[in-house]
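Chemist: A structural model of the following input is requested.
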Amino acid sequence: MRKWLARWFLNLGGWRLEGEKPAQSSYVLIAAPHTSNWDFAYMLAFATLFDIKIRWLAKHSLFYPPMGWFTRAMGGIAIERHKTGNVVADMVELFRKNPNLVLAVPAEGTRARTEYWKSGFYHIARGAGVAILPSYLDFKEKRGGFGPSLLPTGDIRADMDYFREFYGPMQGKHPEDFGPIRLREEDAGS
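Modeler: Residues are numbered from 1 along each chain as shown. As a prediction, this is how the structure comes out:
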């Protein structure tokens, strides 16, 4: 029933599925471009059709009643952005405890335009020793899927060049809100 609903939802919008289910059982999934609230619904529909059980990071306010139970059931993990803490270390530990974890991270960190991506996805994957897999929703072409994975090398600029090339042709629902694909660490090394 879930697959039927997911397919119906995507067909209703004219979306097409591209590619195959990733071969890895554990990875950090970049969710980009992230420019609309619709991105979440499409991500869940694509994950359902690919038989991927994803966990995802979201602001803690989405976990309050009455929707909190639903948010957790859908795979949500609460993040309190205003508190200092080590989300990266917590997520690395979560990977160690769950060998089949797929963690979706909106690398932009927000739907609004930003000049830098949040680097947490990179550091989580590197610390956990898992690959980063780019997923995409291209609103211009109404297509979604996955690209080839990248095991982070520690050469942040070279690794990010891969993602810049991959996401170059993609367009979010609000293209003006999809900012540059770069991390602060890249500029700090200049």
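
Chemist: In which helix or strand does the residue nearest in space to the middle of the chain reside?
Modeler: Centrality entry for the chain: nearest residue to the mean C-alpha point is residue 31, 2.6 Å, by C-alpha atoms, centre = their mean. Following DSSP states H and E, one finds residue 31 within strand 27-32.

Chemist: Pairing partners for that strand, with directions?
Modeler: With DSSP bridges as the test, strand 27-32 is paired with strand 102-105 (parallel), strand 131-138 (parallel).

Chemist: Tell me which of those lies nearest to residue 184.
Modeler: Comparison of the strands paired with strand 27-32 against residue 184 by C-beta to C-beta identifies strand 102-105 as nearest, at 16.1 Å. C-betas here are computed from N, CA, C, even on glycine.

Chemist: Show me the shaky parts of this protein.
Modeler: 34-35, 81-85, 108-113, 172, 175, 177, 179, 189-190 (pLDDT under 70).

Chemist: can you map out the strands along it?
Modeler: For the chain, the strands defined by DSSP state E cover 16-17, 27-32, 55-59, 76-79, 102-105, 131-138, 143-146.

Chemist: partners of the closest residue in space to residue 29 that isn't next to it in sequence in the sheet?
Modeler: Take residue 29 and drop its neighbours on the chain: the residue closest to it by C-beta to C-beta, 6 or more residues apart in numbering is residue 104, 4.4 Å away. When bridges are called by DSSP bridges, residue 104 pairs up with residue 29, residue 56.

Chemist: Spit out the contact partners of residue 104.
Modeler: Applying C-beta atoms under 8 Å, 6 or more residues apart in numbering, we find residue 104 in contact with 29-31, 43, 47, 54-57, 135.

Chemist: Quick one: residues in contact with stretch 30-45.
Modeler: 6-7, 9-10, 13, 15, 54, 56, 74, 104-108, 110-111, 121, 132-137, 139, 144, 163, 167, 170-175, 177-178, 181.

Chemist: Tell me which residues of it come out buried.
Modeler: Residues 30-36, 39-40, 42-45 are the ones in stretch 30-45 that count as buried (16 or more other C-beta atoms under 10 Å).

Chemist: Kindly check the end-to-end length of it for me.
Modeler: 16 Å (C-alpha to C-alpha, to the nearest Å).

Chemist: Distance from it to the middle of the chain?
Modeler: Mean-position distance between stretch 30-45 and its chain equals 8 Å (C-alpha atoms, centre = their mean, to the nearest Å).

Chemist: again, but for stretch 129-147
Modeler: 8 Å.

Chemist: and what of stretch 51-71?
Modeler: Stretch 51-71 sits 14 Å away from the centroid of its parent chain (C-alpha atoms, centre = their mean).

Chemist: CA atoms only for it, dumped as CSV, please.
Modeler: Below are the C-alpha coordinates for stretch 51-71, written out as CSV (Å, rounded to 0.1, in the frame of the first residue of the first chain):
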residue,chain,number,x,y,z
ASP,A,51,12.8,0.4,-0.3
ILE,A,52,15.2,2.6,1.7
LYS,A,53,14.4,3.2,5.4
ILE,A,54,15.9,6.6,6.0
ARG,A,55,16.5,8.5,9.2
TRP,A,56,16.7,12.3,8.9
LEU,A,57,17.7,15.3,11.0
ALA,A,58,15.2,18.0,11.7
LYS,A,59,14.8,20.9,14.1
HIS,A,60,13.5,19.9,17.5
SER,A,61,10.3,21.9,17.3
LEU,A,62,8.9,19.3,14.8
PHE,A,63,8.9,16.7,17.6
TYR,A,64,6.4,18.3,19.9
PRO,A,65,2.9,16.9,20.4
PRO,A,66,0.7,16.3,18.6
MET,A,67,3.0,15.6,15.6
GLY,A,68,6.0,14.4,17.5
TRP,A,69,5.0,10.7,17.4
PHE,A,70,4.5,10.9,13.6
THR,A,71,7.8,12.7,13.1
